[in-house]
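Visitor: mind folding the following:
(one chain, ligands or ions: 1)
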Amino acid sequence: MRASLIQIGVYDDEGGESIDARRERVAALVREQAGADLVVLPELWTTGAFAYESFGTQAEPLQGPTYDAMAKAASDAGVWLHAGSIPERDPDGLLYNTSLVFSPSGELTASYRKIHRFGFDKGEAVLMSAGTDVVTVRLPSTMLGLATCYDLRFPELFRRLVDDGAETLVIPAGWPERRRSHWTLLARARAVENQSYVLACGTAGTHAGVPQAGHSIVVDPWGEVLAEAGPDEEVLTVEFDPGKVGVTRDQFPALKDRVL
Ligand SMILES: O=C(O)CCC(=O)C(=O)O
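Guide: Purely as a prediction, here's the structure:
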């Protein structure tokens, strides 16, 4: 299986780039990944994850402009596309941090509203509503388990995903550089303890004064790092064998020894 993680740059001045222009640029990057099985984008790449003050004005309905552009990009490229997350405004006016997964024919196959909101008593934690549903997505060769950024710190979500059949954990993020050591450590921990692949796609650049970690990472079910990006915008492409999840779980059956 070939996956491309597109580590998009987000910048305080938008790098001179409007959201519409970034959407077009990212759609073109997705199209360039034709031949991959799965393409992954980061969290809140239209706005930047720390643009709290603009979530309200820049939020979109689920089937808004980002949905339309990404559905088309997935079908143009003929790839499964985890389109990262958008600030979603639901029909009741509530905001969610919502990830979208499209099939190679451009159908929305799944959406996931981030369950653990970041910011403690401010930022996303007060502006966004929390998702409630644990979401897996069946691809031809693996089952995806969806999580977003801060969710990475909550192993109980990943246990639920594994109980639901997940084998490849996909985590779009806008992780800050100042806690990059946690990002790498937690990605590897989630892979080892769940005997699953982890595909964690972050943003590059600096947004709302918060330097982004970049360093998107792909970890195998044994906890080995298969590929890791640098700090800047880049496409991280990796080939991996989904069958290794079953092999690892058979050869070292720690998941079967759970008692809680
Ligand atoms: O947990 C962290 O250190 C970062 C989380 C975060 O930035 C987010 O969820 O947007």
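Visitor: hey, what's P87 bridged with?
Guide: N97 (DSSP bridges).
Visitor: is it in contact with Q58, as I believe?
Guide: Yes. When contacts are counted by Cβ atoms under 8 Å, P87 is listed as touching Q58 (6.1 Å). Any C-beta I mention is one placed from the backbone N, CA and C, and that applies to glycine too.
Visitor: who's more crowded, these two?
Guide: A count of neighbours by other Cβ atoms under 10 Å puts P87 above the other of P87 and Q58, at 25 against 16.
Visitor: quick one: that one and the ligand, what's the gap?
Guide: With distances taken as Cβ to the nearest ligand atom, to the nearest Å, P87 is found 12 Å from the ligand.
Visitor: again, but for V210
Guide: 8 Å.
Visitor: tell me which residue is most central in this protein.
Guide: For the chain, the residue nearest the mean C-alpha position is P172 (1.9 Å; Cα atoms, centre = their mean).
Visitor: might you report the residue contacts of it?
Guide: P172 makes contact with V40, L41, P42, E43, H82, G84, S85, S99, T148, C149, C201, G202 under the criterion Cβ atoms under 8 Å, 6 or more residues apart in numbering.
Visitor: inside strands: which ones of those?
Guide: V40, H82, G84, S85, S99, C201 (DSSP state E).
Visitor: can you redo those as a markdown table with distance to A208, pLDDT and neighbour count?
Guide: Output for the ones in strands among the contacts of P172, formatted as a markdown table (distance: Cβ to Cβ, whole Å; pLDDT from 0 to 100; neighbours: other Cβ atoms under 10 Å):
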| residue | distance to A208 | pLDDT | neighbour count |
| --- | --- | --- | --- |
| V40 | 23 | 99 | 28 |
| H82 | 24 | 99 | 30 |
| G84 | 17 | 98 | 27 |
| S85 | 16 | 98 | 30 |
| S99 | 21 | 98 | 28 |
| C201 | 20 | 98 | 28 |
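Visitor: what is the nearest of these to the ligand?
Guide: Nearest to the ligand among those is S85, at 9.6 Å by Cβ to the nearest ligand atom.
Visitor: my guess is that closest one contacts S111. True?
Guide: No. At 9.4 Å, S85 does not count as touching S111 under the criterion of Cβ under 8 Å.
Visitor: rewinding a little: just the pLDDT for the residue nearest to the centre of the chain.
Guide: Note for P172: predicted pLDDT of 98.
Visitor: thinking again about what came up before, anything in contact with each of S85 and S111?
Guide: Joint contacts of S85 and S111 (Cβ under 8 Å, 6+ apart) are T98, S99, L100.
Visitor: is it true that the second one touches H82?
Guide: Yes. Checked against Cβ under 8 Å, the pair S99 and H82 is within contact range at 6.8 Å.
Visitor: return every residue with contacts to both of the two.
Guide: Joint contacts of S99 and H82 (Cβ under 8 Å, 6+ apart) are L146, P172.
Visitor: contacting residues for R153?
Guide: H116, H182, L186.
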